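Visitor: here is my input, please return the structure:
(one chain, ligands or ions: 1)
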Amino acid sequence: MGAATTTTRAPVLILLGPPGAGKGTQARMLAEAFGLVQLSTGDMLREAVAKGTEAGRAAKSVMEAGELVSDEIVLAILRDRLDAPDTGRGVILDGFPRTEAQAEALDDLLAARDGRVDAVIALEVEDDAMVARISGRYTCANCGEGYHDTNKVPAVAGVCDKCGGTEFDRRADDNASTVAARLAAYHDQTAPLIAYYDRRGVIQRVDAMQDIGAVATALNRIVESARR
Ligand code: AMP
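Guide: From the prediction side, this is the model:
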């Protein structure tokens, strides 16, 4: 045959950043634009809480306090999800890993599936702006599209732009007192992962104080080059 080979392995991308940095919004847009699967451990845990599973019952009070759920619970949930066939398209992890133990476990999980972390995007923001961002956000109860009281309102008030839904949810942990604990957990346990991935040469930093569209443009460029 002799033709040059190209990489067909599905990309594994990570969005790192504090609560309110825009990880969920951006991961959703990237997943749509590139046909990747968005894997949000926060969404998976909220689903487990809503269903009242054993993991959900254990996670509920921890999440309400704005602290991190145990590595054991989160890894069990993620491992199951990674085994679903759709992840073969490539994944964008949003909210995971959040501790060094999770990052190491992710390496092992991926290695066992012939994969590795291709790019880690650090969304850089100022803590002071995060409280306002988080307290104003809500999502469509039907399709999950994210909105914000001032930064991103639906074109027609009360109607989801994406699906026409008229019911919206606000997260139980999106309140000023929990946000402080979530920011502290980020700085203590998750921010050190930037250095961890920097040592491996896979970190890309993006100024996430810019508007949603400008951040999306920067991320699209990074994902384009990670896929090459
Ligand atoms: P998020 O939707 O990513 O903001 O996550 C909401 C909450 O779920 C966090 O405040 C944690 O309590 C929990 N959580 C989500 N992902 C993880 C993770 N990777 N490790 C530990 N706890 C997590």
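
Visitor: list the buried residues in whatever helix or strand residue 185 lives in.
Guide: Secondary structure assignment for residue 185, by DSSP states H and E: helix 176-185. Applying a neighbour-count criterion of 16 or more other CB atoms under 10 Å, the buried positions in helix 176-185 are 178-179, 181-183, 185. Placement of C-beta: from N, CA and C, glycine included.

Visitor: what is the nearest of the residues you listed to residue 157?
Guide: Out of these, the one with the shortest distance to residue 157 is residue 179. That distance is 25.8 Å, counting by CB to CB.

Visitor: surely the closest one touches residue 128?
Guide: No. Look at residue 179 against residue 128 with CB atoms under 8 Å: they stay out of range, at 11.4 Å.

Visitor: ok, for the residue sitting nearest the centre point of the chain, nearest residue in space, not its chain neighbours?
Guide: Central residue check for the chain by CA atoms, centre = their mean: the C-alpha nearest the mean position is that of residue 94, 1.6 Å away. Among residues not flanking residue 94 along the chain, residue 27 sits closest, at 3.8 Å (CB to CB, 6 or more residues apart in numbering).

Visitor: ditto for residue 74
Guide: residue 41 (5.4 Å).

Visitor: what does residue 139 give?
Guide: When the adjacent residues along the chain are set aside, residue 139 lies closest to residue 146, with 5.1 Å between them (CB to CB, 6+ apart).

Visitor: quick one: the one you found from residue 137, how far?
Guide: 6 Å (CB to CB, to the nearest Å).

Visitor: swap in residue 151?
Guide: Taken as CB to CB, the spacing of residue 151 relative to residue 137 amounts to 8 Å.

Visitor: pick out whichever of the two has more residues nearby.
Guide: Between residue 151 and residue 137, residue 137 has the larger neighbour count (other CB atoms under 10 Å), namely 20 against 15.

Visitor: just to revisit the earlier point, can you list phi and psi of the residue nearest to the centre of the chain for me?
Guide: Dihedral pair for residue 94: phi -130, psi 110, per degrees, to the nearest 10.

Visitor: so what's it up against?
Guide: 15, 23-24, 26-27, 38-42 (CB atoms under 8 Å, 6 or more residues apart in numbering).

Visitor: next step: those residues restricted to strands.
Guide: Secondary structure from DSSP state E places 15, 38-40 of these in strands.

Visitor: among those, which one is most surrounded by other residues?
Guide: Counting neighbours by other CB under 10 Å, the top entry in the ones in strands among the contacts of residue 94 is residue 15, with 27 neighbours.

Visitor: picking that back up, looking at the buried residues of helix 176-185, which is nearest the ligand?
Guide: Lowest distance from the ligand to the buried residues of helix 176-185 (CB to the nearest ligand atom) belongs to residue 182, with 5.0 Å.

Visitor: the residue nearest to residue 94 is in contact with residue 91, isn't it?
Guide: No. Under the criterion of CB under 8 Å, residue 27 lies out of contact with residue 91, with a separation of 9.7 Å.

Visitor: coming back round to it: and the residue nearest to the centre of the chain, what pLDDT?
Guide: pLDDT for residue 94: 96.

Visitor: any idea how far residue 209 is from it?
Guide: The spacing between residue 94 and residue 209, counted by CB to CB, is 19 Å.
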